[in-house]
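K.L.:
below are the sequence and a predicted model for it; my questions follow.
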Amino acid sequence: MADEVAAAVAVPPTADAPVLPAPAPASTGRTPRGARFAGAVGEAVVERPAREAGAAGAGDVAEVGRTVDLLARLRSEGRSGEAHALLTEVASWEPARFPLLVERLHVAGLDADWQTLLWEAASLPAGRLVAAADALVAAGRAEDGQHMLRQGIARPPGEVGDAVLGLAAEGRHREVRVLLDAYVRARTPEEAARSAEPDPRRLVPLLLEAARGVSDECSWDLVHALRVAGFAA
């Protein structure tokens with residue numbers, strides 16, 4: 001399974017110098033960025049595999065607790081910039097930690113930070129996005145998992161197509177199905193059709209399969225949009 005997440009967050013000895021989590025190594029495939037989804041096209045094929053949804057351990061529980069305590073202190077001191085930087089790093093954590101995070105954030109009265117964290121996590125590479133959503137669903141947080149997926153597929157259609165191709169090339173067919181099911185449900189038929197542009201021969205059948213799994217109407221609308229866009233359907 002995946003490597004353990006980098007060094008633990010240490011609670012600082014003074015209020016003036018909080019210690020933020022160490023940045024994730026470059027091999028994770030996710031780099032903090034100012035513009036959401038910038039550079040997301042190539043990430044799906046270089047991302048490290050994520051741990052399975054139920055694999056959180058005692059170390060994860062302790063790390064989440066320390067981090068939420070630090071976040072609460074930063075918020076209480078009005079240090080919003082540092083708090084947001086912390087959330088940006090936390091968004092790249094292993095998927096198994098997300099159910100722990102939502103629980104601890106809620107107990108700490110930081111529900112708004114959970115919404116921010118969902119927004120940040122939605123820019124994860126496609127495979128890790130699906131794994132994080134899976135972990136939330138498995139923990140009984142289906143609404144949060146679906147929310148994360150909906151935000152994650154808000155990236156441009158061409159990037160969605162490239163992400164699907166990357167997952168398919170790795171043989172991650174379940175992740176392809178989960179991602180495209182959410183995609184055809186949330187986006188217009190015209191947007192879904194545009195996501196086939198990177199490789200229509202491979203992507204059109206996958207899109208149509210996902211649309212058929214939603215409803216006949218969704219399938220018919222997508223077929224029409226694909227034909228208008230010049231793709232055989």
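P.N.:
Structure's in. What do you need? Quantities reported herein were computed from a predicted structural model and do not represent experimental measurements.
K.L.:
next SSE downstream of the longest helix seen in the chain?
P.N.:
With secondary structure taken from DSSP state H, the chain has its longest helix at helix 58-76. Using DSSP states H and E, the helix or strand that follows helix 58-76 in sequence is helix 80-90.
K.L.:
what about that following helix, distance to the chain center?
P.N.:
17 Å (Cα atoms, centre = their mean, to the nearest Å).
K.L.:
any idea which helix or strand comes after it?
P.N.:
Toward the C-terminus, helix 80-90 is succeeded by helix 98-107 as the next helix or strand (DSSP H and E).
K.L.:
show me what that following helix is packed against.
P.N.:
With contacts defined as 3 or more Cβ pairs under 8 Å, 6 or more residues apart in numbering; DSSP states H and E, helix 98-107 has these neighbours: helix 58-76, helix 111-121, helix 126-138. Placement of C-beta: from N, CA and C, glycine included.
K.L.:
pick the most buried one from those helices.
P.N.:
Across the helices and strands packed on helix 98-107, averaging neighbours per residue (mean count of other Cβ atoms under 10 Å) puts helix 126-138 on top, at a mean of 25.
K.L.:
what average pLDDT does that one get?
P.N.:
For helix 126-138, mean pLDDT rounds to 92.
K.L.:
now do stretch 109-122
P.N.:
Mean pLDDT, computed over stretch 109-122, is 92.
K.L.:
list the contacts of that stretch.
P.N.:
Stretch 109-122 is contacted from outside by 36, 68, 71-72, 75, 83-84, 87-88, 90-91, 98, 101-102, 105-106, 129, 132, 144, 147-148, 151-152, 154, using Cβ atoms under 8 Å, 6 or more residues apart in numbering.
K.L.:
same thing but at 7 Å, please
P.N.:
For stretch 109-122, the surrounding residues in contact (Cβ atoms under 7 Å, 6 or more residues apart in numbering) are 71-72, 75, 87-88, 90-91, 101-102, 105-106, 129, 132, 144, 147-148, 151-152.
K.L.:
just the buried ones from the residues you listed?
P.N.:
Applying 16 or more other Cβ atoms under 10 Å to the contacts of stretch 109-122, the neighbour count classes 71-72, 75, 87-88, 90-91, 101-102, 105, 129, 132, 144, 147-148, 151-152 as buried.
K.L.:
and the pLDDT for residue 27?
P.N.:
Looking at residue 27, the pLDDT reads 36.
K.L.:
low-scoring stretches of this structure, by residue?
P.N.:
Counting by pLDDT under 70, the chain contains low-confidence ranges at 1-56.
K.L.:
how close does the most centrally placed residue in the chain sit to residue 68?
P.N.:
Nearest to the geometric centre of the chain sits residue 129, at 2.9 Å (Cα atoms, centre = their mean). From residue 129 across to residue 68, the span is 22 Å (Cβ to Cβ, to the nearest Å).
K.L.:
and for residue 100?
P.N.:
Residue 100 sits 9 Å away from residue 68, going by Cβ to Cβ.
K.L.:
now the helix or strand containing residue 150 - C-alpha only, PDB.
P.N.:
For residue 150, the element it lies in under DSSP H and E is helix 142-152. Coordinates of each C-alpha in helix 142-152 appear next as PDB, following Å, rounded to 0.1, in the frame of the first residue of the first chain:
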ATOM      1  CA  ALA A 142     -21.800   9.600   1.500                       C
ATOM      2  CA  GLU A 143     -23.000  13.200   1.100                       C
ATOM      3  CA  ASP A 144     -19.500  14.500   1.700                       C
ATOM      4  CA  GLY A 145     -18.000  11.900  -0.700                       C
ATOM      5  CA  GLN A 146     -20.500  12.900  -3.400                       C
ATOM      6  CA  HIS A 147     -19.800  16.600  -2.700                       C
ATOM      7  CA  MET A 148     -16.100  16.000  -3.100                       C
ATOM      8  CA  LEU A 149     -16.600  14.200  -6.500                       C
ATOM      9  CA  ARG A 150     -18.900  16.900  -7.800                       C
ATOM     10  CA  GLN A 151     -16.300  19.600  -7.000                       C
ATOM     11  CA  GLY A 152     -13.500  17.400  -8.400                       C
END
